[in-house]
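Enquirer: need a 3D model of the sequence below.
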Amino acid sequence: MQTTDSQQALRLRTLVVQATRVDQPLQDVARSVVVKDRESIDLIQPRSVARALDYEPNISVSGGPRPNNQSINIRGLEGGRILQTVDGVRQVFESGHRPGYFLDPDLLDSVEAIRGPVSSLWGSGAVGGVVAQNTIAPAALLRPGRDFGGFVKSGYNDNNQQASTTAALAGRAGTVGWLASGYYRDGNDLEHGDGSELAGSSYRDRGVLGKALWHIDEAQSLTLNYRQARATGAVPMNAAAPLNTTSNTLIDRTNDTRNVSVDYRIDTASPWLDARAMAYWNEVEMEERRLSDGRADATDLDVYGFYLNNQSEWRGLTFLYGVDGYREEFKAQRAGANRPLPPEATSDTWGAFVQASIPLAERWRLDLGARYDRFSTEADQLDQDRSDSQWSPSAALVWRPTANSELVLRHDRAFRAPGAEELYTTGAHFCLSPVMCNTFLPNPDLDPEHAANTELLGRIHFEQVLGGELTLQGAVFRNRVDDFIEQIVTGMTFFPVMNPGNTTWVNVDEAELKGFELVADYRVGAMRWLVSWGQTRGEDRDTGEDLTNIPADTLVNDISYGFHAGGDWVTGLRLTHARPQNRTDYAENSAGTQYDSYSLADLYVVWEPEAVRGLRLNLAINNLSDKHYRRAWQELYESGREITFSARYTF
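Expert: Modelled structure (predicted):
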C-alpha cells in the first residue's frame, strides 16, 4: 500500500502539549491528554471548538446544538469546572446561561484537553480538566525558505446554509515575523434530523487575529498577540433550552471580545534558564435586548493578568516553578423591574507553583507538584468582601519498563473558587405575581469546590502486529468532588399561604465520579483504524442518587485510508454509538426522564490535487443517516445531516 504525503505528515509530526505550562512531547506527559492538530480538526470541520474534541473518550459537547453556546464536558464535569486557555491565557467568563467559548475553530492551530484535575499548575477552575486552544502562528504559514505566505479558505454547510471565509497572511523580515488573519461566518437556523428547524439558532460572526514575533537573539523572543471578535444573533435567554413565549423568550445578543497579550520567552544554553513571562488583558462585552419589549441587559468582564515560570535542570532533576496573578472586574446592568442584580465586583487571585520530576531508578520517575493560591472578592454595591486560600498538591509515579510502554499512578487535588455572581447576586429571580417575587440571597460564606482524583494510566506500542503498528492506551480514574456549588430555591410554598421564597447558592453534593477510557490506534500502510471507548459513572455519596450531566457510554470507530490518484487522497468513515443513559435516579427527576441510545455515521474526504499545488479540498458528511437524536442531559435535539465542503489554498 502506498502512503500519501498527508498521512506521512500526520504520522511523523511530533505532537506537543502546551496545557502543562511548558512545551512537552505528548509521550512525555504523565496525564490523560488529547491533542488535535490542524490536520485532525480539518477532517471534522467543526462549527465550534467543543466539536473539535467531540469524538474523544469521556469528552462530549454540552449546551445544545447552537455553535456559539457549546462548551465541553470532561468526565462528567463542565462549565466553570473545566478551565480553558487560549495561547496560554486563561479565559474565565461565566454569567448565568451565557456562553463562555468565543474562539472560532478556523483560527486554531491545535486544541488540547487534559482529562482530570490540574489545579497544581493552573489553580482555580481546573477541577475536571483543562482545554488549551492554540491559535495559528506565523511560522506555520511560511514554507521553508519563504518570507511571505498565507492561505484563503471558504466553506459551506448545507444544514443551515452557513457560508464561511477565513484568510491569513504571514511574513518575515529579518528577525521579525508577523501574521494577520480574519474570518466571517453567516448561518441560518439549524435543521434537526426530523426536518424541523431550531428557532433562534442563526448567527453571524466575524473576527481578526494579529501577531508580531521578534526573535531578539538565538535565546530570546517577544510576541504580541491581539484578537477581536463579534458574534451576533437572536437566541433564547437560555440557548440550551427550548424557546417559549414566557420564561425563555428571544433576545438579540451582541457579544464583543478583545484579547491582548505580550509573551516573552528565553531559553539559554544554561540548564537553569528556560523561562516564559506573559502579561494579558481579556475583555468580554455582552449586550442583550429582549425582542418582545426591548428590555436591555449588559454584562461586562475585564481580566488583567500575568504569569512568570521557569524550568531548570540539576543533576537529572527537572523543576518547573512560577507565579501568576489576575484581577477580574465584573459588572452588569439589568433593565426593567423585578430583575436579578448581579454584583459590581472585583476578584483578585495570586498563586505560586512548583513541579519536580525526580528520577528514582533507570525505569522509574516520581513527579511531585504543589500550588498555593490566595483569592479575594469584593462586591461594591453590598460593601462586602471575602478571602480564602488553597493548596493544590499532585503526585505521580511513572514506570517505563520499555521504551514503548509506560504505567502511571497519580493523585491530584484541585479546587474552584466561588464566583462573584454566586457570592453576591441580589434582586428578583422570578415572580409569581407583580408584587410577589422569588429573590436572590447573597451567600458570601460559600466554600470552594474541591476535587481529589486518583488515576492509573497505561500506554504500550507494538511495532509489528499483523504487518502494522498498534498503540494501546487507557486510564482508570476515581474523582471525588466535594462542596459542589449549586443554585437552589428555598421556602417557596403555595398552600395554605403563597410564599415565593428565595434563591441562593449553596455547597451541596459529595460526589464520586469514576470510569475509564480506552483507545486503540492501528496503522498498516496507508490505513488507520482508531477505536475508543469512554465510560463515566457519577453518584452522590450522601444520598446514593445518580449525578446529572454524566455523558452516555460512547464507542467510536474511525477508519481511514490514503492513496494517490491525481493527487493525495484521504477517505474515512467514523461510526459513533452512544448507549442509553438510564442512570437518572435523583430526587428532582420525578418524571423519570431517561435518554435513548443513538448511532451516527460520518464520512470525510480530503483531496490535495497534484495539478494545483497548495490547494486542499475537504468534504465531510456528518450524521449521514439524518438521525434525530438528543445527547444525554441536553434539552435540545442535535443537528441533522450536515454536508460541509471547504476549499483552502495555501501560497
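Enquirer: rest of the way, CA atoms for contacts and neighbours
Expert: Fine.
Enquirer: and for the closest residue to Thr425 other than its chain neighbours, the neighbour number?
Expert: The shortest distance from Thr425 to any non-neighbouring residue, by C-alpha to C-alpha, 6 or more residues apart in numbering, is to Pro342 (4.7 Å). Using other C-alpha atoms under 10 Å, Pro342 is surrounded by 25 other residues.
Enquirer: do you know how far Pro342 is from Asp385?
Expert: Pro342 is 15 Å from Asp385, where distance means C-alpha to C-alpha, to the nearest Å.
Enquirer: same deal with Tyr637?
Expert: From Tyr637 across to Asp385, the span is 42 Å (C-alpha to C-alpha).
Enquirer: same question for Leu53.
Expert: Leu53 is 38 Å from Asp385, by C-alpha to C-alpha.
Enquirer: between the two, which has more neighbouring residues?
Expert: Leu53 (24 against 16).
Enquirer: now do that one, the pLDDT please.
Expert: Leu53 is assigned a predicted lDDT (pLDDT) of 96.
Enquirer: my guess is it contacts Lys36. True?
Expert: Yes: between Leu53 and Lys36 there is a contact at 7.5 Å, judged by C-alpha atoms under 8 Å.
Enquirer: need the overlap of contacts for these two.
Expert: Listed contacts common to Leu53 and Lys36 are Val111; contacts here mean C-alpha atoms under 8 Å, 6 or more residues apart in numbering.
Enquirer: sorry, back to before: I'd guessed the residue nearest to Thr425 sits against Ala332; true?
Expert: Yes: the pair formed by Pro342 and Ala332 meets the contact definition of C-alpha under 8 Å, at 6.0 Å.
Enquirer: any low-confidence regions in this protein?
Expert: By pLDDT under 70, the low-scoring segments of the chain are 1-14.
Enquirer: try it again with 80
Expert: 1-16, 509 (pLDDT under 80).
Enquirer: all helices of it, in order?
Expert: Assigned by DSSP state H, the chain shows helices spanning 5-12, 38-44, 49-52, 119-122, 420-424.
Enquirer: now stretch 347-354, how far from the centre of its chain.
Expert: Chain-centre distance of stretch 347-354: 22 Å, with C-alpha atoms, centre = their mean, to the nearest Å.
Enquirer: what's next to it, contact-wise?
Expert: 120-121, 123, 319-329, 369-378, 420.
Enquirer: repeat the analysis, applying 6 Å as the threshold.
Expert: 320-328, 369-377 (C-alpha atoms under 6 Å, 6 or more residues apart in numbering).
Enquirer: check stretch 114-126 too.
Expert: For stretch 114-126, contacts defined as C-alpha under 6 Å, 6+ apart pick out 32-33, 80-83, 127-130, 370-371, 392-393, 414-417.
Enquirer: quick one: end-to-end length of that stretch, please.
Expert: 9 Å.
Enquirer: ditto for stretch 422-442
Expert: Separation of the first and last residues of stretch 422-442 by C-alpha to C-alpha is 7 Å.
Enquirer: what residues does that stretch touch?
Expert: 338-343, 443-444, 500-505.
Enquirer: apply 7 Å and report the result again.
Expert: Contact with stretch 422-442 is made by 338-343, 379, 443-444, 446, 500-505, as judged by C-alpha atoms under 7 Å, 6 or more residues apart in numbering.
Enquirer: how about stretch 55-74?
Expert: Contacts with stretch 55-74, where a contact means C-alpha under 7 Å, 6+ apart, come from 47-48, 50-51, 53-54, 75, 78, 99, 101, 115, 128-129, 201, 239-240, 517, 532-536, 556, 634, 636, 638-639.
Enquirer: now, these that are in strands?
Expert: Using DSSP state E, the subset of the contacts of stretch 55-74 located in strands is Arg115, Gly129, Glu517, Ser532, Trp533, Gly534, Gln535, Thr536, Val556.
Enquirer: who wins for neighbours among the residues you listed?
Expert: Ranking the ones in strands among the contacts of stretch 55-74 using other C-alpha under 10 Å puts Gly129 first, with 28 neighbours.
Enquirer: now do the same contact list for it.
Expert: By C-alpha under 7 Å, 6+ apart, the contact list for Gly129 reads Ile74, Ile82, Leu83, Ile114, Arg115, Gly116, Pro117, Val118.
Enquirer: okay, the second one and Asp189: tell me how far apart.
Expert: Applying C-alpha to C-alpha, the value for Ile82 to Asp189 is 29 Å.
Enquirer: quick one, which of these two is more surrounded?
Expert: For Ile82 versus Asp189, neighbours defined as other C-alpha under 10 Å are more numerous around Ile82 (27 against 18).
Enquirer: so what's Thr504 bridging to?
Expert: Beta-bridge partners recorded for Thr504 (DSSP bridges): Ile488.
Enquirer: for it, which residues are in contact?
Expert: With contact set as C-alpha under 7 Å, 6+ apart, Thr504 has these partners: Phe440, Leu441, Pro442, Asn443, Gln487, Ile488, Val489.
Enquirer: turn those into a markdown table, columns for neighbour count and distance to Ala611.
Expert: Listed next are the contacts of Thr504 as a markdown table, based on neighbours: other C-alpha atoms under 10 Å; distance: C-alpha to C-alpha, whole Å:
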| residue | neighbour count | distance to Ala611 |
| --- | --- | --- |
| Phe440 | 26 | 65 |
| Leu441 | 18 | 67 |
| Pro442 | 20 | 66 |
| Asn443 | 16 | 66 |
| Gln487 | 14 | 60 |
| Ile488 | 12 | 63 |
| Val489 | 15 | 66 |
